[in-house]
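Enquirer: A predicted structure for the sequence below; I have some questions about it.
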Amino acid sequence: MRPEASQKPCRSRALRDQSLLSVAFNSSRIAKECYLFDFDMLGLAPALNDALKRANFTQPTPIQNQAIPIALQGQDILGLAQTGTGKTLAFGLPLIDHLLAQSGKPAPKTAKALILAPTRELVNQIAESLRNLTKDTKLRVATVVGGQSINRQISFLSRGTDILVATPGRLIDLMERRAVDLGSVRHLVLDEADQMLDMGFIHALRQIAPKLGTPRQTMLFSATMPKQMEELSQSYLTNPQRVQVSPPGKAADKVTQSVHFVSRAGKPAKLREILSKDRDALTLVFSRTKHGAERLMKDLVSDGYNAASIHGNKSQGQRDRAIKAFRAGEINVLVATDVAARGIDIPGVAYVINYDLPEVPDNYVHRIGRTARAGREGEAIAFCAPDELDQLRQIQKLMKIEIPVASGTMPEVAEPKKPRKQGGNRRRSVKPQAANAGAKPAPSKRRRPRRRPAA
């Protein structure tokens, strides 16, 4: 985006000296934009500029435009932006630039910077992006996530690392084993913080935060702004500068949305109707449950579609291979649950189909953020059964829009949801018979184990 004639681009020296900044910031206001022509004007380390040129990054996105100058000053940041807007680079560039200016290697079992993310896929995505930026530097990037060998992670951390990217649960495990010392951490990043709250990681954060070094810079990024987020920012940020490129709950500008009103029984046929129109396009299909995602994927494969699935019942290796094949175009349809798909950053995704509407309205924003990434266009399609009407209304209320109807008719009254089937391990309550109410229960007979025949 080109600045207007009356606006001047930021100069690299000005970014290092607060007194030369032309825009005043405070924690109660959204920071005004500091316009940049390109990344060369940021005054970053030469190795970073070379990495940006190799990746063909020349002009910053709006969230990078606002966040990077503030982060280079060392100030805390509360960043609000949709997924796919370049948040990783917004905190990654200033973080790496700060670390390159420091001397000395990290001590054994320590880290200089900590990045927390809610899912394994997102951790791996962030680490991959940072490694591309630190390729020709001395900095080391380590990841710790569940589903992988903890002994291998302990071995790697024993040598120390500059940047540690982790899921909160596995990091707690390593802390309890005294395999990592966070006392040297001077930079903390909480990415997709709203999702961490939804997944109950607030308790893990309370365990991790007191172990971090002080003073430190903290950057918190989120796509939505629930009430808990304000409490989180007050607890972990110091006089944060708020940067926001769009209202919370708003989808990316280039996402075209539509909804099909269809019965649950009619969803499979409607899905195949849509997929058949563009069989070569990369399509991400969201299911509410793990079993539903697996069953839907198998049905699509049996119908000749090149599909795979990722969900909580898949191993980390299976999930990684499915995402890699989807990114390479070896499979065209990826069926996923919310948690498993949170870290997917594939610019080529053309369609996101909400086969089941999410229970939490914020998750709809995150789902459709998987398309129209990096400035591309994308289409988000939702299926709404009669018993999902309330969820649709909550989504539209959050986004402050009415999603265009592509087919079907909205029912006037939402059907009540069917109760979920309970597991088979519940104890059945036995009502005593009136005649035998005072009688003692008969002793139960125990079966004797069968003896194995002699070999």
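Expert: Done, it's in. Keep in mind that this is a model prediction, so the values were computed, not measured.
Enquirer: now residue 380: which helix or strand?
Expert: Using DSSP states H and E, residue 380 sits in strand 378-384.
Enquirer: packing partners for that strand?
Expert: strand 255-261, helix 267-277, strand 349-354, helix 361-368, helix 389-399 (3 or more C-beta pairs under 8 Å, 6 or more residues apart in numbering; DSSP states H and E). Placement of C-beta: from N, CA and C, glycine included.
Enquirer: starting at the chain centroid, how far to the first one?
Expert: Between the centre of strand 255-261 and the centre of its host chain there is 22 Å, according to C-alpha atoms, centre = their mean, to the nearest Å.
Enquirer: other residues contacting it?
Expert: Strand 255-261 is contacted by residues 251, 270, 368-369, 371-372, 377-384, 392, 401, 403-411 when judged by C-beta atoms under 8 Å, 6 or more residues apart in numbering.
Enquirer: next one: the shortest one
Expert: If you take C-beta under 8 Å, 6+ apart as the criterion, strand 349-354 is touched by 271, 274, 278, 281-286, 364, 367-368, 370-371, 373, 378-383.
Enquirer: of these, just the buried ones, PyMOL syntax please.
Expert: Only the buried entries of those go into this PyMOL selection, using 16 or more other C-beta atoms under 10 Å:
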select buried, resi 271+274+282+283+284+285+286+364+367+368+370+371+373+378+379+380+381+382+383
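Enquirer: rewinding a little: and the helices and strands packed on strand 378-384 as TSV, adding mean pLDDT and distance to residue 43?
Expert: Formatted as TSV, the helices and strands packed on strand 378-384 follow (pLDDT from 0 to 100; distance: least, C-beta to C-beta, whole Å):
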stretch	mean pLDDT	distance to residue 43
strand 255-261	95	35
helix 267-277	96	48
strand 349-354	94	35
helix 361-368	87	34
helix 389-399	93	38
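Enquirer: out of those, which is closest to residue 41?
Expert: Evaluated with C-beta to C-beta, those place strand 255-261 nearest to residue 41, the distance being 30.6 Å.
Enquirer: parallel or antiparallel, list what pairs with that closest one.
Expert: If you go by DSSP bridges, strand 255-261 pairs up with strand 378-384 (parallel), strand 405-407 (parallel).
Enquirer: what about the closest residue to residue 186 other than its chain neighbours, how many residues close to it?
Expert: Nearest residue to residue 186, sequence neighbours excluded (C-beta to C-beta, 6 or more residues apart in numbering): residue 216, at 4.7 Å. Applying other C-beta atoms under 10 Å, we find 17 residues neighbouring residue 216.
Enquirer: how is the chain carved up into domains?
Expert: 12-244, 255-407 (automatic domain parsing).
Enquirer: what helix or strand is residue 347 located in?
Expert: Here residue 347 is assigned to no helix or strand, by DSSP H and E.
Enquirer: go on, residue 122?
Expert: helix 120-133.
Enquirer: for the helix or strand that that helix is followed by, enumerate the helices and strands it packs against.
Expert: Following helix 120-133 in sequence order, the next helix or strand is strand 141-144 (DSSP H and E). Under the contact criterion of 3+ C-beta pairs under 8 Å, 6+ apart, strand 141-144 touches helix 120-133, helix 150-157, strand 161-166, helix 168-176.
Enquirer: and the longest one, what's its mean pLDDT?
Expert: Read that as helix 120-133. Across helix 120-133, the average pLDDT comes to 92.
Enquirer: which residues of the stretch 1-150 of the chain score low on pLDDT?
Expert: Scanning the stretch 1-150 of the chain for pLDDT under 70 picks out 1-37, 83.
Enquirer: helices of that one, start to end?
Expert: In the stretch 1-150 of the chain, the helices defined using DSSP state H, counting those that start in this stretch lie at 12-16, 46-54, 62-72, 87-100, 120-133, 150-157.
Enquirer: relative to residue 177, which of those helices is closest?
Expert: helix 150-157 (7.0 Å).
Enquirer: could you check the angle helix 168-176 makes with the closest one?
Expert: In terms of direction (axes from the mean of the first three to the mean of the last three C-alpha atoms, to 10 degrees), helix 150-157 departs from helix 168-176 by 70 degrees.
Enquirer: how about helix 150-157 as CSV, C-alpha atoms only?
Expert: What follows is helix 150-157, C-alpha atoms only, in CSV (Å, rounded to 0.1, in the frame of the first residue of the first chain):
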residue,chain,number,x,y,z
ILE,A,150,10.2,-36.3,24.7
ASN,A,151,13.7,-37.8,25.1
ARG,A,152,14.8,-36.3,21.8
GLN,A,153,13.4,-32.9,22.9
ILE,A,154,15.3,-33.2,26.2
SER,A,155,18.5,-34.0,24.3
PHE,A,156,18.1,-31.0,22.0
LEU,A,157,17.3,-28.6,24.8
